[in-house]
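Chemist: Give me a model of this one.
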Amino acid sequence: MSTYIKKSFKLNEKDLFNYYLTFTFRKKYQFLAVTILFAATFIATILAKKDTFMKNLLQIASLIGIVSIVILPITLKFRAKKDYSTNKLINRTLNYTFKEDGIYIETDSGKSMVKWSELYEMRETKHHLYLYVGSNQAIILPKQYFDHIEIEEIKKKNNSK
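Modeler: Sure, this is the predicted structure:
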């Protein structure tokens, strides 16, 4: 990073919801595995013609799976809404400075710095970059505040750690 990138923004409830959704299905195979499992259970229900008990059991399992797939995003939406309204740190304007040695984060209540080498993982979605500082905590960067070159610089710096 030849120069530094400086950005200020405030996260919104949708940013938090997208983080929760991305975190829940962090590994691509998790969502695929859940979907295949429920599809297999549903198909087995159709094929289990003779054993009524097994057919009923599989139907209940299929129903639970379908309900779970539908309810999960809804519960994450409610969680994001609650967390956003009660967490005062999320509601503050965040001032980021991306430098050669790390990411400097400043709010009206304090400052912190994360070295590039301290990042656990980086995930990218269509609208966000998530820089994980631990297995379940990330710096959320909405892409709308960055141009393409800045995003590439951050990704390159993260990959060079």
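
Chemist: does L141 really touch T125, like I thought?
Modeler: No. Distance between L141 and T125: 10.6 Å, which falls outside the contact criterion (CB atoms under 8 Å). All C-beta atoms are positioned from the backbone trio N, CA, C, and that covers glycine.

Chemist: Give me the more crowded residue out of these two.
Modeler: L141 (26 against 12; other CB atoms under 10 Å).

Chemist: Dihedrals phi and psi, F146?
Modeler: Per-residue torsions, F146: phi -130, psi 150 (degrees, to the nearest 10).

Chemist: Please list all residues in contact with it.
Modeler: Neighbouring residues of F146 by CB atoms under 8 Å, 6 or more residues apart in numbering: 5, 7, 129, 154.

Chemist: what number of residues lie near the nearest residue to S109 once chain neighbours are set aside?
Modeler: What sits nearest to S109 in space, not counting adjacent residues and going by CB to CB, 6 or more residues apart in numbering, is R92, at 7.1 Å. R92 has 14 neighbours, counted by other CB under 10 Å.

Chemist: Verify the stated contact: R92 with E106.
Modeler: No. Taking contacts as CB under 8 Å, R92 lies outside contact range of E106: 10.0 Å.

Chemist: picking that back up, how about the secondary structure of the residue nearest to S109?
Modeler: Three-state assignment for R92 (DSSP: H, G, I helix; E, B strand; the rest coil): coil.

Chemist: Give me the pLDDT value at it.
Modeler: pLDDT for R92: 90.

Chemist: Out of the helices and strands in the chain, which is least certain?
Modeler: None of the helices or strands of the chain scores lower by mean pLDDT, DSSP states H and E than helix 28-47, at a mean of 69.

Chemist: Which SSE is immediately downstream of it?
Modeler: helix 52-86 (DSSP states H and E).

Chemist: hang on, the earlier thing: what subset of the contacts of F146 is buried?
Modeler: Buried members of the contacts of F146, counted by 16 or more other CB atoms under 10 Å: 5, 129, 154.

Chemist: Switch those residues over to CSV; also include secondary structure and pLDDT.
Modeler: Below are the buried ones among the contacts of F146 laid out as CSV (DSSP: H, G, I helix; E, B strand; the rest coil; pLDDT from 0 to 100):
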residue, secondary structure, pLDDT
I5, strand, 92
L129, strand, 96
I154, helix, 93
